[in-house]
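In: A structural model of the following input is requested.
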Amino acid sequence: MIEIRDITVRFENKTPLENFSLSIARGEKYILEGVSGKGKSTLLKSILGFVELSQGEIICDGIKLSKENLVEYRSKIAYLPQSLNLDFETLEDLIYYPFSFAINKPLRPSIEQIEEIFSSLKLNISLLKQNLNEISGGEKQRAIFASIMLLKRPIVLLDEPASSLDSVSAMAVWDYIYSQKDTTFICVTHNDIYNK
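Out: Presented below is the predicted three-dimensional model:
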C-alpha cells in the first residue's frame, strides 16, 4: 500500500530524513512517536509530495510519486496537518469545504453520514450550525478529522490528531482509527496516547 524506499530529504542546514525506508500494508496503522524536530512531519509532507526528495522514491496504492501524476497520486490520500487556518463562519462550512473541489464533489456526504461519524467521535450534530468561534478547539479538531475521513481515501496521514483533546475525546479518535480496517494510517505524535 505504501512503499517508502531509501528516501533522503535535505534542507539548507539539516537533513531530517536520510536513507529512510518503510513498507506499510493495506489497513495497517503506523504510529511515529517522538520529540519535535526528528522529521515526523517532514515524512508526511514527503509522502504528499509537498517536500522534494533528494533521493529515493515513494509509491502509494501502486502509484509512484512524481510531478507528472500528482493529482492522481494525491487522490489516494487524505491529510490532517498539525494546524489549519480555519477561515470559515460555521462548522458546517468547515466540514463541507473539502467537497467544494471538483475531484471531491461526488463524495459529498449526506447529513446521515456526518451524524454517524460525529456520534463515533462524541460530537453533537447540532454543532454543524454553530459559529466556529463558539466551538472548542477539541470539537474543531475532531470535526476536521471527521471531514477528512468522509473523503474515504484509502490512505490517511495524521499529524498530531489528538493533540488538543481530553483523554475521552482522544480515545474516541483512536478507536475510530482502529475501526477502519481497510484504511491505511500513518500518524505522528509527541505522546503515546493510545496504542493497541
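In: poorly predicted segments of the chain, please.
Out: 85-86, 191-196 (pLDDT under 70).
In: how about a cut-off of 90?
Out: Where the chain drops to pLDDT under 90, the residues are 1, 12-14, 32-41, 81-88, 103, 132-133, 137-138, 160-166, 188-196.
In: in it, which spans are helices?
Out: Using DSSP state H, the helices of the chain run over residues 40-48, 70-74, 91-96, 111-120, 137-149, 167-179.
In: what distance do you get for the closest residue in space to residue 79 that isn't next to it in sequence to residue 77?
Out: What sits nearest to residue 79 in space, not counting adjacent residues and going by CB to CB, 6 or more residues apart in numbering, is residue 157, at 4.7 Å. Where C-beta positions appear, they are placed from N, C-alpha and C, glycine not excepted. Plainly put, residue 157 is 6 Å away from residue 77 if you go by CB to CB, to the nearest Å.
In: which residues do these two both contact?
Out: Common neighbours of residue 157 and residue 77, using CB atoms under 8 Å, 6 or more residues apart in numbering, are 47, 48.
In: picking up where we left off before, for residue 130, find the nearest of the helices of the chain.
Out: Closest to residue 130 of those, according to CB to CB: helix 91-96, at 5.7 Å.
In: show me what that closest one is packed up against.
Out: helix 137-149 (3 or more CB pairs under 8 Å, 6 or more residues apart in numbering; DSSP states H and E).
In: centre of the chain to the helix it packs on, how far?
Out: 11 Å (CA atoms, centre = their mean, to the nearest Å).
In: tilt between that helix and helix 167-179?
Out: 10 degrees (axes from the mean of the first three to the mean of the last three CA atoms, to 10 degrees).
In: how about the CA coordinates for helix 137-149, as PDB?
Out: This file holds the C-alpha atoms of helix 137-149, laid out as PDB (Å, rounded to 0.1, in the frame of the first residue of the first chain):
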ATOM      1  CA  GLY A 137     -10.600  23.600  20.000                       C
ATOM      2  CA  GLY A 138     -11.200  20.000  20.700                       C
ATOM      3  CA  GLU A 139     -14.500  20.000  18.900                       C
ATOM      4  CA  LYS A 140     -12.900  21.700  15.900                       C
ATOM      5  CA  GLN A 141     -10.100  19.200  15.800                       C
ATOM      6  CA  ARG A 142     -12.500  16.200  15.800                       C
ATOM      7  CA  ALA A 143     -14.700  17.900  13.200                       C
ATOM      8  CA  ILE A 144     -11.800  18.400  10.900                       C
ATOM      9  CA  PHE A 145     -10.800  14.800  11.400                       C
ATOM     10  CA  ALA A 146     -14.400  13.800  10.600                       C
ATOM     11  CA  SER A 147     -14.300  15.800   7.400                       C
ATOM     12  CA  ILE A 148     -11.100  14.200   6.000                       C
ATOM     13  CA  MET A 149     -12.400  10.700   6.900                       C
END
